[in-house]
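Undergrad: Structure here, sequence nowhere to be found:
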């Protein structure tokens, strides 16, 4: 049984501190703008530039980060005035959410704006402003209680204690419900208490997640199973990071045997360029264990040909410094050689439980040496 | 054959126009009413212009029977404050076709006054009513005529002639004609409106059949300088014209009969006196300058014959052989043909030579054409392969054609004299545009004189943007010799030049509210059709129009970019006014404050915005845009 390295008190204290930091940060920004206006000046602030030229790979952190260049946003610039106001409103709205400990979603933010006569062309514009706020404060949106719609899920022997209003102190074991638990705001902010699991298995697909639960992979391999639902949402990546950092659990990743699967694993491990303004979202020690391109040949998996865009994606990723070495480089090369791909379900050819009976044990074994 | 020829000869000009009236713009009741208005108004304006009188033209159209449906008879009256017409000329001027006073070569709205007589003719054949002319040329007596036109004989029939006392000069012409005002009304109102724009020194009023009054008072107090009458330019000439000029310059050998001798005696002041030959010659020398040409010829002959009047009575001149310097005559007394030698050194010899053979080519050119000096004339003679002293009267048909061709081709003639042109001028044009459209931007330009085929012309152009101008521009107002051109817009050279312009280049986009006023002045506007509504695309004219339009468009572009900046500033100001209060609201709560910050100062500091053209700031010149 593993327990959280930090005591519950410490966790709670830490969470409160974090919230206060965010509220302070928002207040400071607000106060500065207030002051500018009061002095008869156009308010302005600087924001790390998120342009491609300012996204650099940090080898130490093993993730993409923003470089030093910053952009000045000024209300004097009429071209920026609208987005300036939008961002002000979002900060104002996030401040309310955080203070009142209420959650919102990206979509909900978009619709809430209308009540304040803030115009967003579409949700992608409001999503973009949310990323701006992340960049200004260097905090992920979840810290301001803004979550994405899509949910991934978790199953396994893990006890948690809620911190959200109304549930404070309540505990829950995440193996009680065979459909798994949706990773939402309450779970992301919950304290992780203890677990008997020794490993976290992140899997790309809901279908395989269900199979793993049915086959009691959690018990057989002492694991916590997480369905990433394709590209892992931030909250899921945060949870993965916490399970690794706070509970000391290794993380392995199982994806489809194609270039997109390989990159899903990479994003969990070292983040995405889109979120270069954020840290603490990566699990640098996470391990991609399959399905590798080499597995396709090794296990004689049924395959389908790669599409034009699959191939283009391979070439694109070859330019990414993270794909310059190790299995990342090797597997990409094999994919390009084979020009074919296989899904996780491909193992069904050798029986429905083949993947859990044969493949998974071999990969878990292999992971230890990776 | 002879009978056919006779028939041709019997057609009078009136009859010719009667059967070809659609050529002159009298094709249907709508067009005819419009054309009639044009002809009379333009005649009135021309008459005033010529005498330097500020025109006051009053146009009235009344339905004879207002309740009848169109087309129906209308009474059209145009009254002016011009010089009037001498009573003795009125019947001919208004009762015959091809009688007019505008024969000189200078810019005028109409030529020869033909159109007005056509209108009268049209009125007569559609309503059988006479034209009523009231004229006073002395501000004392007004002559009033009612005239019908005898179409076959091309002669006026005076039905009534009365006089009355008046105190003002002027002419009033009134005709009754079949017209369709419900259809022509728009064009006529446009015509009056547009005429008043290009004739800002005229007051024009129009009482329409529906009882509406359109009053366009003058807003410029000075008449533009009047054109002068000039001789033709060598480039603008053809064989027929040269032939006529030669005829004008030549005189036949006068028949020396009793009447002629009587005339010579009278002109010399010797009616009662019988002087000797030498005394007559002395007298003639003294009076030479004032003697008419015919008399000079008789004196010249007498000088060689050495005869007094009595002897002269008894002979008849048979031939004058200029090259051989011999003079042949028949002596009645002796019943003999006699010969006299002529002394080529004598001044009288020259006189006779001119008469018989016409002027030398160089004299012909310098005397009868504009801008040809003796040096140019000699150079031209060389170019065309003529001797400079070649007598015009001795030219064969072929030589005549050669001369005409060479006149066209010779490039060393100076450009035609433009003093015969009367452009409106930049200032009155700009004033007019500003008054009519109250625009945000106006620019005008008068191009330097140019010429096509020997006809001088000047292009004037104005451009205006915004203000009261309707969107959907450019709206083009076309003028030629101060006449608005309203029909057949599609094929006009001005429209072509405007349509060729890429307005996006000049920052004019979308559905812009802007107008172009184009005025072409020339001694001969190259109209495409007899209806005189569209100008042909002569290369030289097109070029001038293009240059004028480019010049103005660049000015417009400079204004537009300023205006664009001003509009941007205005938009910006609106944005600030909208968003700054919101920012204030949100940051107040964020900062944990109760009271909103005082952001008014920021908004107040924004500069006020004006998008009108500023007089003090002339639009800067840009580099000319090269021809694509």
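TA: Here it is on my side, so go on. Keep in mind that this is a model prediction, so the values were computed, not measured. Residues are numbered from 1 along each chain as shown, chains lettered A, B, ... in the order given.

Undergrad: For chain B, which residues score under the pLDDT cut-off?
TA: Applying pLDDT under 70 to chain B flags residues B:1-18, B:21, B:23-24, B:97-114, B:248-254, B:488-489, B:529-531, B:607-628.

Undergrad: ok, now with 50
TA: B:1-9, B:100-104, B:112, B:616-628 (pLDDT under 50).

Undergrad: what's the domain layout of it?
TA: B:12-216, B:234-248+B:359-409, B:251-357, B:426-556 (automatic domain parsing).

Undergrad: Look up the closest residue to residue A:315, ignoring the ones flanking it.
TA: Leaving aside its sequence neighbours, residue A:315 sits nearest to residue A:336 (C-beta to C-beta, 6 or more residues apart in numbering or on different chains; 7.8 Å). Placement of C-beta: from N, CA and C, glycine included.

Undergrad: pLDDT averaged over the host helix or strand of the one you found - what is it?
TA: Per DSSP states H and E: residue A:336 is located in helix A:326-338. Helix A:326-338 shows a mean pLDDT of 92.

Undergrad: Can you name the residues in contact with the following helix or strand past that helix?
TA: Of the helices and strands lying after helix A:326-338 in sequence (DSSP H and E), the nearest is strand A:340-341. With contact meaning C-beta atoms under 8 Å, 6 or more residues apart in numbering or on different chains, strand A:340-341 is reached by A:256-259, A:296, A:303-306, A:310, A:335.

Undergrad: can I assume residue B:346 is in contact with residue B:303?
TA: Yes. Contact criterion C-beta atoms under 8 Å: residue B:346 and residue B:303 qualify, at 6.8 Å.

Undergrad: Between these two, which is the more surrounded one?
TA: Using other C-beta atoms under 10 Å in any protein chain shown as the criterion, residue B:346 and residue B:303 rank with residue B:303 on top: 22 against 14.

Undergrad: Retrieve the pLDDT associated with the residue nearest the centre of chain A.
TA: By C-alpha atoms, centre = their mean, chain A has its centre lying nearest to residue A:234, at 2.7 Å. pLDDT, residue A:234: 86.

Undergrad: ok, it - contacts?
TA: Counting by C-beta under 8 Å, 6+ apart, residue A:234 touches A:140-142, A:148, A:275, A:281.

Undergrad: ok, so what distance separates it from residue A:35?
TA: Look at residue A:234 and residue A:35: by C-beta to C-beta, to the nearest Å, they are 33 Å apart.

Undergrad: Ok, residue B:194 next?
TA: 63 Å.

Undergrad: same check, this time on residue B:462
TA: Taking C-beta to C-beta, one finds residue B:462 at 55 Å from residue A:35.

Undergrad: Quick check on those two: which one has the bigger neighbour count.
TA: With neighbours defined as other C-beta under 10 Å, residue B:462 and residue A:35 compare such that residue B:462 has more, 27 against 14.

Undergrad: Beta-bridge partners for the more buried one, please?
TA: Residue B:462 forms beta bridges with residue B:444, residue B:517, as assigned by DSSP bridges.

Undergrad: right, and the secondary structure at the closest residue in space to residue B:222 that isn't next to it in sequence would be what?
TA: Closest residue to residue B:222 apart from its sequence neighbours, by C-beta to C-beta, 6+ apart: residue B:201 at 6.5 Å. Using DSSP: H, G, I helix; E, B strand; the rest coil, the structure places residue B:201 in coil.

Undergrad: Backbone dihedrals for residue B:201, please?
TA: Taking degrees, to the nearest 10, you get phi -90, psi 0 for the backbone angles of residue B:201.

Undergrad: what about it, neighbour count?
TA: 21.

Undergrad: and it, how far is that from chain A?
TA: According to C-beta to the nearest C-beta, to the nearest Å, residue B:201 stands 49 Å off from chain A.

Undergrad: Which residues are in contact with the residue of the stretch 201-350 of chain A found nearest chain B?
TA: Evaluated by C-beta to the nearest C-beta, the stretch 201-350 of chain A has residue A:277 as its residue closest to chain B, separated by 20.5 Å. By C-beta under 8 Å, 6+ apart, the residues touching residue A:277 are A:48, A:50, A:65-66, A:131, A:134-135, A:138.

Undergrad: Show me those that map onto helices.
TA: Using DSSP state H, the members of the contacts of residue A:277 that fall within helices are A:131, A:134-135.

Undergrad: can you put those residues in CSV and add neighbour count and distance to chain B?
TA: Converted to CSV, the ones in helices among the contacts of residue A:277 look like this (neighbours: other C-beta atoms under 10 Å in any protein chain shown; distance: C-beta to the nearest C-beta, whole Å):
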residue, neighbour count, distance to chain B
A:131, 16, 19
A:134, 22, 17
A:135, 20, 17
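
Undergrad: Once you drop chain neighbours, what's closest to the closest residue to chain B within the stretch 1-150 of chain A?
TA: As assessed by C-beta to the nearest C-beta, chain B sits closest to residue A:30 within the stretch 1-150 of chain A, at 2.5 Å. Once flanking residues are discounted, residue A:30 sits nearest to residue B:590: 2.5 Å by C-beta to C-beta, 6+ apart.

Undergrad: isn't the one you found right next to residue A:32, touching?
TA: No. Residue B:590 is beyond contact range of residue A:32, at 9.8 Å (criterion: C-beta under 8 Å).

Undergrad: Comparing these two, which residue is more hemmed in?
TA: Neighbour count, other C-beta under 10 Å: between residue B:590 and residue A:32, residue B:590 has more, with 26 against 16.

Undergrad: Now do the phi/psi pair for residue B:460.
TA: Backbone torsions of residue B:460, given as degrees, to the nearest 10, read phi -120, psi 140.

Undergrad: mind checking how far it is from chain A?
TA: For residue B:460 relative to chain A (C-beta to the nearest C-beta), the value is 42 Å.

Undergrad: how close does the nearest residue to that residue once chain neighbours are set aside sit to residue B:236?
TA: Leaving aside its chain neighbours, residue B:460 sits nearest to residue B:519 (4.2 Å; criterion: C-beta to C-beta, 6+ apart). Residue B:519 sits 21 Å away from residue B:236, going by C-beta to C-beta.
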